[in-house]
Each structure stands twice: as structure tokens, then as C-alpha cells.
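Novice: no FASTA, just this:
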């Protein structure tokens, strides 16, 4: 089992920045990729970004490329999502996930999920 706890969500104005974090505990050595997904009200859960545990390879959804940066501190089993130039359409609950798949972008490739943290972009 792997436990994930997200933090850092909140309210930010358009154009602002926010960083969310996800701390993993438990059998983290079984996971090859840590990722972020988001779900807006009435919409499906979408892939945002992922980072591989070995090599630190990063993958981004087109909608966030150039604005969001995913990083990881393997010693702390923590993954971060730095979000810059935020837009109202980035408003969603952001979920952290880990999976055995290498560099997955689909929800089905992730085995464990956090409880989510709300990010609201509004003036």
C-alpha cells in the first residue's frame, strides 16, 4: 500500500502562481511514476503531468506545457507541481497518483491516489 497526501491548494488570481505538493509513504519503491491529474466540476479526470522515479523524465499535458513544472524529491518521497500563469480554466481538484507503469498518462495506469486538493483561479 502507498499513502498519498496532497497539500498547497488554494485560491489564486489569474496570472498567479501556486505550488502543490504530494507526500508519499508506504511501499513507494513499487512505484515507477508519480503524476498529477485534475478534475473540474462536471468533467472527467484529466492528466496534467508525470515524472518517472528513475531518470526524472517529465511528461506534460499540452494544456499546461510551459506553465506547469513537475519535480520530485526522491529522498523525501515527495512530488511537486509548480503552476505559473494560472488561468480560470485551471480551476479543479488536483489529485496526486503513483503507479507501476513507466511514464503513464492514463488514470488506469495509476494504482494509488491522494484525496485531492482544490485549486481555484479567480479574481
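Specialist: Received it, and whenever you're ready, just let me know what you need. None of these values were measured; they are calculated from a predicted model.

Novice: what are the ranges of the strands in this structure?
Specialist: With DSSP state E as the criterion, the chain has strands at 2-7, 10-12, 18-26, 33-39, 46-52, 58-60, 68-73, 78-83, 92-99, 112-113, 117-121.

Novice: quick one: pLDDT of the spatially most central residue of the chain?
Specialist: For the chain, the residue nearest the mean C-alpha position is residue 36 (2.2 Å; CA atoms, centre = their mean). pLDDT for residue 36: 98.

Novice: Repeat that for residue 121.
Specialist: So residue 121 comes in at 97 (pLDDT).

Novice: For the residue lying closest to it once chain neighbours are set aside, which residues are in contact?
Specialist: Using CB to CB, 6 or more residues apart in numbering and skipping the chain neighbours, the partner closest in space to residue 121 is residue 86 (4.6 Å). Yep, even glycine has a C-beta here, placed from its N, CA and C like the rest. The contact partners of residue 86, taken as CB atoms under 8 Å, 6 or more residues apart in numbering, are 12-18, 67, 119, 121.

Novice: so what's residue 24 bridging to?
Specialist: Note on residue 24: beta-bridge partners residue 4, judged by DSSP bridges.

Novice: Check whether it really touches residue 30, as I assumed.
Specialist: No. Counting by CB atoms under 8 Å, residue 24 sits too far from residue 30 to count as a contact (10.7 Å).

Novice: Fine by me, we can end here.
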